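J.: The following block contains a protein sequence and its predicted model.
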Amino acid sequence: MLDWLACAFVKALGAVLCRLPPSAAVWIGEQAGTLAFHVSGKRARLAMANLRAAFDGQLMPRQVRTTIRRCYQLLGASVVEMLRLPAMDAAYMDRYVTVEGLDRFEQAAASGRPVILLTGHYGNWEISSIAAALRGHPIVALARAQGKFPRLYRLLVSYRESKGCTIVHKGGAMKRLIAALHDGRMVGIVGDQASRQGAFVDFFGRPALFARGPFALARQHRAIILPAFIHRVGGPCHRIVVEPPIELPPHLSEADAVAQAMQCFAGLLQRHITEDPAQWLWMHNRWKHTSARRALILSDGKRGHVKQSETVIEALRERYPQLRAETVEIRFRHGLARASCLALSRVAPAAAARALERYLTPESARALLTRYADLIVSAGASVAPVNAVWAAENRAQAIAVMDPSPVPLSRFALIIAPRHDRLPRRSNVVETLGSLSRMDPEALAMAPQRLQRHPRYRPPADASRPRPVVAVFVGGDTPDYVLTAAFAETLAAQILAACEAADAWCAVTTSRRTSPDAEKILADRFGRHPRCRMLLLASRDPLDGTMEGLLGSAAVAVVTGESISMVSEACASRRAVVVVEPALRDGRRAGLTKHQRFLHGLAADGHIRLHPLPELGHAIGTALRQPPTRPIDNYAVVRDAVARLS
């Protein structure tokens, strides 16, 4: 019944449209397309994500939205023209359709060889075959039957066939296509649909499936492949561009010739789309089967957070070897913009995505909002709202490292959080012991050689006998801890005494949080001491990559306990780890701090040796004599978690 009503409605609507001037009818179709754009929801978001992926880094959201709205308008115009087919004749085509490359078409038709006209879902592709048929070249067109409204579908097929086209349907179409080629009739195929029986070719910088059938058919039957694309140039006017024939070199194997021809067609289609992106049908999930994924790391400017996100990317690359990842630093215009983004992301994510251009600095907005991603990774709560809303806008999977609160956990495909964050048990929440890090054994083995080339490295006077190395990582002040000059003085004394007792070397590095007073003490004590092979001061020296070098050289790692990331990296290195806590600040709340819960848990599980500062020297000596502490392998946890992503 519904099919009958739809068929009757389309007949009546078509009759009305046939009585209108072509420009008026097309205008009505464009307005209907605008309405469809505003109500289509998921399909429009898919189209915008596809457009952003194809022109990655080039289009701002306003441009993307305008292009896809125009795409819907042109599709509406094409639907109206389909309903007006009964009113179209050769005179109509002569008036409203021009052809560039007509000589190529006529040469192919007169060649005596079979001809395959190949196009894409570009412009009003249906008009191409109708124009050829009305000009004396009937087309056998391949189509996919629509089973939901069979009566309506037969009506639309009858419109096309009344103009000289013959429609054959996928499934049993091959014999009819071959018969048409043998009879010298032209065959028309829309060749840009993904086909599981197809092959991957490069399309806008990513592998995309294209059908092999048209090219294999042409090779087997010596047919000419003639690409043709139709552009709507305004209102009911169209311009058909007939490209030079695509060659299938006979000296190549069939597989190689077909692959070369497929890539040639994809390149032609891409060129036409680039000329006017709104003319292509972006609503199809064109890259659904591609193996090449794109990822974005959202940085809050903290190197430790970026390193954790990079660890997730490493795990993702094991699943997607062709993964391409880039880092974008997120900077808000001001604190109110950050708060507004968070509030809006909780109640209206789509609106928050559209408002990001107002919330972010111009540089940050341009870097983020022109980018497409299949996966978005961030660490830290400050950028979690941006991750959630931009992932939704791109139909991407959002991965958060650490507790993303107050953004709801349900907004993320995966949350990787340390145990001490105490997140509720959810299917998308994975617990780790501390911060994410990966210490590759081979990289650690090579790191000492790189470290010895560092300008701050001082080689020992007597290098004939190897000595154990104590690597020291000094942090700084936090909301809960204060690392004073007195603490630094005692720390230096304990480490140097232990090195003297064990005949060991030491290598020391500070962090960006180390206070100037503490750094001065450490510089005075270690700067010229014969037991110190290297002293790196964050205020003076570049530190990138030096932690791996220090850990690779070390037998024992000494870490101040206020830095969860430094402790976690040390524990991942498979070295003995000794942790000493700086003094707690006065006036803090009662109970264990988050850092203390973390450290006590690691100590209870045998991952670290936790000692008060006066016992540090003795603890180092013990660690040098005993087996290393148990390593932490958070990377394995992350690798297993990302492998389960849908």
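T.: Arrived safely, thanks for sending.
J.: Can you pull the poorly scored residue ranges out of the stretch 501-646 of the chain?
T.: 545, 587-590 (pLDDT under 70).
J.: how about the nearest residue to residue 593, chain neighbours excluded?
T.: Nearest residue to residue 593 in three dimensions, chain neighbours excluded: residue 480, at 4.6 Å (Cβ to Cβ, 6 or more residues apart in numbering). Any C-beta I mention is one placed from the backbone N, CA and C, and that applies to glycine too.
J.: and the one you found, how far is that from residue 4?
T.: Applying Cβ to Cβ, to the nearest Å, the value for residue 480 to residue 4 is 74 Å.
J.: neighbour count winner among those two?
T.: Counted by other Cβ atoms under 10 Å, residue 480 and residue 4 do not tie: residue 480 has more neighbours, with 16 against 11.
J.: which ones are touching that one?
T.: 562, 584-585, 588, 593-595 (Cβ atoms under 8 Å, 6 or more residues apart in numbering).
J.: Ranking by neighbours, what's the top pick from the residues you listed?
T.: residue 562 (27 neighbours).
J.: Just list the residues touching that one, thanks.
T.: 475-478, 480-481, 483, 581-582, 595.
J.: if you set the cut-off to 7 Å instead, what comes out?
T.: 475, 478, 481, 483, 582, 595 (Cβ atoms under 7 Å, 6 or more residues apart in numbering).
J.: of the residues you listed, closest to residue 385?
T.: Closest approach between the contacts of residue 562 and residue 385, by Cβ to Cβ: residue 478, at 24.0 Å.
J.: That closest one falls within a strand, correct?
T.: No: assignment of residue 478 by DSSP: H, G, I helix; E, B strand; the rest coil gives coil, placing it outside any strand.
J.: my guess is residue 392 meets residue 349, correct?
T.: Yes: the pair residue 392 / residue 349 is scored as a contact, 5.0 Å apart, by Cβ atoms under 7 Å.
J.: What are the phi and psi values at the residue lying closest to residue 324 once chain neighbours are set aside?
T.: Spatially, and ignoring its direct neighbours in sequence, residue 324 is nearest to residue 294 (5.3 Å; Cβ to Cβ, 6+ apart). For residue 294, the backbone dihedrals (degrees, to the nearest 10) come out as phi -120, psi 140.
J.: can you give me the strands in the stretch 1-150 of the chain?
T.: 97-100, 115-119, 139-143 (DSSP state E, counting those that start in this stretch).
J.: Quick check: mean pLDDT of the shortest one?
T.: In this model, strand 97-100 has a mean pLDDT of 95.
J.: buried residues in it?
T.: By 16 or more other Cβ atoms under 10 Å, the buried positions in strand 97-100 come out as 97-99.
J.: Other residues contacting stretch 22-35?
T.: Taking Cβ under 7 Å, 6+ apart as the rule, stretch 22-35 contacts 17, 69, 72-77, 79-80, 84, 96, 235-236.
J.: Name the nearest of the residues you listed relative to residue 501.
T.: Among these, and counting by Cβ to Cβ, the member closest to residue 501 is residue 69, at 75.2 Å.
J.: what's the burial count for the closest residue to that closest one other than its chain neighbours?
T.: Counting by Cβ to Cβ, 6+ apart, residue 69 lies nearest to residue 37, which is 4.9 Å off, once chain neighbours are set aside. Residue 37 sits with 21 neighbouring residues when counted by other Cβ under 10 Å.
J.: ok, now residue 421?
T.: Neighbours around residue 421, by other Cβ under 10 Å: 16.
J.: go on, residue 618?
T.: Neighbour number of residue 618 under other Cβ under 10 Å is 14.
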